[in-house]
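A.B. asks: Starting from these lines, generate the structure:
(2 chains)
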Number of protein chains: 2
Amino acid sequence: MGGGGRKGKTCQASLDVSRINGKEIVSQLLKLAKITEAPEPAVTRVLFTDKDMQARKYVKQLMTDAKLQIREDAMGNIFGRWLGSDKAAAVVQTGSHVDAIPMAGAYDGTLGVVGAIAAVKGLQTAGFKPRKPIEVIMFTSEEPTRFGLGCIGSRGMAGTLTAKVLDEKVDVNGTTFQEAATAAGYGGKSHEDILSQTLVKKGSVAAFVELHIEQGPLLEREGLNLGIVSAIAAPAALRMTFFGNGGHAGALLMPDRKDASLAAAELALVVEKVVLGTDSIDTVGTSGSWAIKPNTLNAVPWEAKLEIDIRDINGPRRDAVVSTVLKTAETIAKRRQMTHQVEMINQDPPATCSDQVVAAAEQAAKQLGASTKHLVSRAYHDSLFMAQIAPTGMIFIPCRNGWSHRPDEYSSPEDIERGVKALALTLSQLAGGATDSNSEL
Amino acid sequence: MGGGGRKGKTCQASLDVSRINGKEIVSQLLKLAKITEAPEPAVTRVLFTDKDMQARKYVKQLMTDAKLQIREDAMGNIFGRWLGSDKAAAVVQTGSHVDAIPMAGAYDGTLGVVGAIAAVKGLQTAGFKPRKPIEVIMFTSEEPTRFGLGCIGSRGMAGTLTAKVLDEKVDVNGTTFQEAATAAGYGGKSHEDILSQTLVKKGSVAAFVELHIEQGPLLEREGLNLGIVSAIAAPAALRMTFFGNGGHAGALLMPDRKDASLAAAELALVVEKVVLGTDSIDTVGTSGSWAIKPNTLNAVPWEAKLEIDIRDINGPRRDAVVSTVLKTAETIAKRRQMTHQVEMINQDPPATCSDQVVAAAEQAAKQLGASTKHLVSRAYHDSLFMAQIAPTGMIFIPCRNGWSHRPDEYSSPEDIERGVKALALTLSQLAGGATDSNSEL
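C.D. replies: Here you go, the predicted structure:
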């Protein structure tokens, strides 16, 4: 063991995590990335498809290799537990997801699962014996691809999801979550049953920490090693459908048209304008998903569906943007003599990170000599929901150009190694414990 | 035979076509509409798919029932010939297509095939014996769905298609026209071979006339029975792709974005604005096809492809609109710091209809006591290309609300019957001939 100092309540151990190897972790991440529906290097893994099931198998293999006890719940969340010396203690959890949106990359989510298992292995190699149990979680469906709702697993664990909401969701083939989960070997009698089986008992989680790539450009731009997340932005998503009037692209004269795609085009530009109009760097808005009918060169579009995502660290400011977008959609529909329909997909509150977890991560960074910055997480993460049942924090590592959700997403082996080491040290502090060669840390 | 008069060169026969039955034709059209990839009543029939092959089989059955001699060329154009008394005479042709864009209706194209066979049967029943042969054609791929190019069959016949253009086209699976045609039982050694087999000898077609639903609202609005087409508008189509920068919808801050979908949205609105700015009712522009990548709620679109269709009866005015759209796309891409790529899909010249065919159609309408109007055809039709090798005309019937290319496309049995009778009388005039009970007409 090295000669790290101890001070105050945080009581940082000078654990030797130097054998945590970035290149080894990268090789596991790239192995996982080969399990994809899209042509490599793009990664597409949709909930409970063959590729998702193969990825789950690989994760369980890594958990087994790390001697973790595996448990899976009714929603398909996978837990790998490292037993602690105190059998009665609440568990320290870490984890993320391995599902991937269409044409995504190799690092989003996966780092927080593969890296967490590597962190636990690193602690084991260092001779660490945790007092509280440590659990690595692979959450079900963090991405909204299949059912139009993200973080399904962590929402279920935190009890923020109702059976009614799940009952209303189906995938493109009309399959329900319950049917898909059952086909995958999970599930229950009903969504209510599945949710009651998944719900985590209050107080049973001592802390939660998630390692993730930043998915933004700030760390790289400022040349910093680690981001310690202080708050998680409030995301809202809505689906807007305009119903116009179709017809032949040559024959339908301009005054007789109600082209639904043009209403959607206007609204997408309004989203951009309203968001820029807040003059706040923390407000973002995206019209990411477009569905035009019939979507062919020689027909006037009669229906256009736009999915819009608006986020902010400030809940009321975000809600003001949402409200302006809704009002403008109405104006556009009226002017273009169309009907329209709004569906709020979600409108979640922001979360503040736990001081305890932030302090542990800061101490870990200090021990590693890593430069840090407090950051706001602007992406959806399972941490947003775990924060509702446990003291929660996140550790970010830089990613190239801030790119994520695309095939050329990239973090260096050095940054990955540093992030996993920081996670290991953070977990050791949150769990407490001792090393073979040392007394209680 | 009734007692119709004869006068001047048009020499109209007072053929009795009263046994042509609109309800019978509708029942055939609806039978054809049941051959569809889309849920009924929507019709989707894409070139050389199983459904297209089934539809071809049905058309050939109808041709056989009408005692027509069937011939198919290398592109898959189907010809049903009724022999004339003059073996050396050039052929009078009529026809249209049965392929259908996604989510289309039961009448576009099909009327001009099923109705043409019914017209020939009506002439046969009336005891008419044509001097020139009459041929019903089902053209291959009038719709651009599969290869991004419409009127493939008639372009091939007219010799306006080069092997180079066909060589560059593939469908979504990378299949070439040659491969698809061969798999369907047509085809040839190469596109060059296919085209040389398909090319129609100059002077071998005496006239061409196509029966079609209007696909516009004018006849219905003015309460008229038949439209006699005087000109066919000049269509142009282009594919515009913007290449931006993707990223996570929550994490990528607004100043760092290059959202390709917003460039496409701007351009679609520009197309509308420029077209309206011509102040000409004959100019139309449509951004009908949108392809956004990755097209998911929580990712910033990095690529957006828009297919734009611009038509006019005035070629230079249409080209001016195209040129403004191209220039503005460049401005948008520059302002949004993106690259973009333009591909001209086609830019065909307008066509003028033949006086001879127009006069024959007018005479037919007169015999039927039908009210008429000269119209401009604003849709792509095989007639546009047939006009390059033969005196050509079109007859339109009203369709509800001017709707076409949508599942609720509709023409009444009465209008259909009147249109088919007009086609029959027009063909009889163009072919010349006699009835059993009458001397040479």
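A.B. asks: Okay, residue A:197 and chain B: tell me how far apart.
C.D. replies: Per C-beta to the nearest C-beta, to the nearest Å, residue A:197 is found 28 Å from chain B. Placement of C-beta: from N, CA and C, glycine included.
A.B. asks: And residue A:292, by the same measure?
C.D. replies: Taking C-beta to the nearest C-beta, one finds residue A:292 at 5 Å from chain B.
A.B. asks: neighbours around that residue, how many?
C.D. replies: Neighbour count for residue A:292, taken as other C-beta atoms under 10 Å in any protein chain shown: 25.
A.B. asks: Now for it: which residues touch it?
C.D. replies: Residues in contact with residue A:292, defined by C-beta atoms under 8 Å, 6 or more residues apart in numbering or on different chains, are A:260, A:261, A:264, A:301, A:303, A:304, A:305, B:289, B:290.
A.B. asks: Helix or strand: which one has it?
C.D. replies: Counting by DSSP states H and E, the element that carries residue A:292 is strand A:284-293.
A.B. asks: Can you pick out the most distant pair from the contacts of residue A:292?
C.D. replies: The span of the contacts of residue A:292, defined through C-beta to C-beta, is set by A:305 and B:289 at 15.3 Å.
A.B. asks: Looking at the two, which has the bigger crowd around it?
C.D. replies: The residue with more neighbours, out of residue A:305 and residue B:289, is residue B:289; 24 against 18, by other C-beta under 10 Å.
A.B. asks: Worst mean pLDDT across the helices and strands of chain A, which element?
C.D. replies: strand A:247-248 (a mean of 86; mean pLDDT, DSSP states H and E).
A.B. asks: Hey, what's the angle from the helix or strand that comes right after that strand to strand A:284-293? Just curious.
C.D. replies: Per DSSP H and E, the first helix or strand lying C-terminal to strand A:247-248 is helix A:260-277. Taking axes from the mean of the first three to the mean of the last three C-alpha atoms, to 10 degrees, one finds helix A:260-277 and strand A:284-293 inclined to each other by 180 degrees.
A.B. asks: is helix A:260-277 up against chain B anywhere?
C.D. replies: Yes: judged by C-beta under 8 Å from any C-beta of the partner chain, helix A:260-277 comes into contact with chain B at A:261, A:262, A:264, A:265, A:266, A:268, A:269, A:272, A:275, A:276.
A.B. asks: Kindly spell out which helices and strands sit in contact with that helix.
C.D. replies: In this structure, helix A:260-277 packs against strand A:234-243, strand A:284-293, strand A:303-312, helix A:315-335, helix B:260-277, strand B:284-293, with contacts taken as 3 or more C-beta pairs under 8 Å, 6 or more residues apart in numbering or on different chains; DSSP states H and E.
A.B. asks: Measure how buried residue A:149 is and give me the count.
C.D. replies: Count around residue A:149 with other C-beta under 10 Å applied: 21.
A.B. asks: hang on, it is in a strand, isn't it?
C.D. replies: No: read with DSSP: H, G, I helix; E, B strand; the rest coil, residue A:149 is coil and lies in no strand.
A.B. asks: For it, give me the pLDDT.
C.D. replies: On pLDDT, residue A:149 comes in at 89.
A.B. asks: so how far is residue A:185 from the closest residue to it other than its chain neighbours?
C.D. replies: Leaving aside its sequence neighbours, residue A:149 sits nearest to residue A:169 (C-beta to C-beta, 6 or more residues apart in numbering or on different chains; 6.0 Å). If you measure residue A:169 against residue A:185 using C-beta to C-beta, to the nearest Å, the figure is 20 Å.
A.B. asks: who's more crowded, these two?
C.D. replies: residue A:169 (17 against 11).
A.B. asks: doesn't residue A:178 make contact with the more buried one?
C.D. replies: No: counting by C-beta atoms under 8 Å, residue A:169 does not reach residue A:178; the two are 10.1 Å apart.
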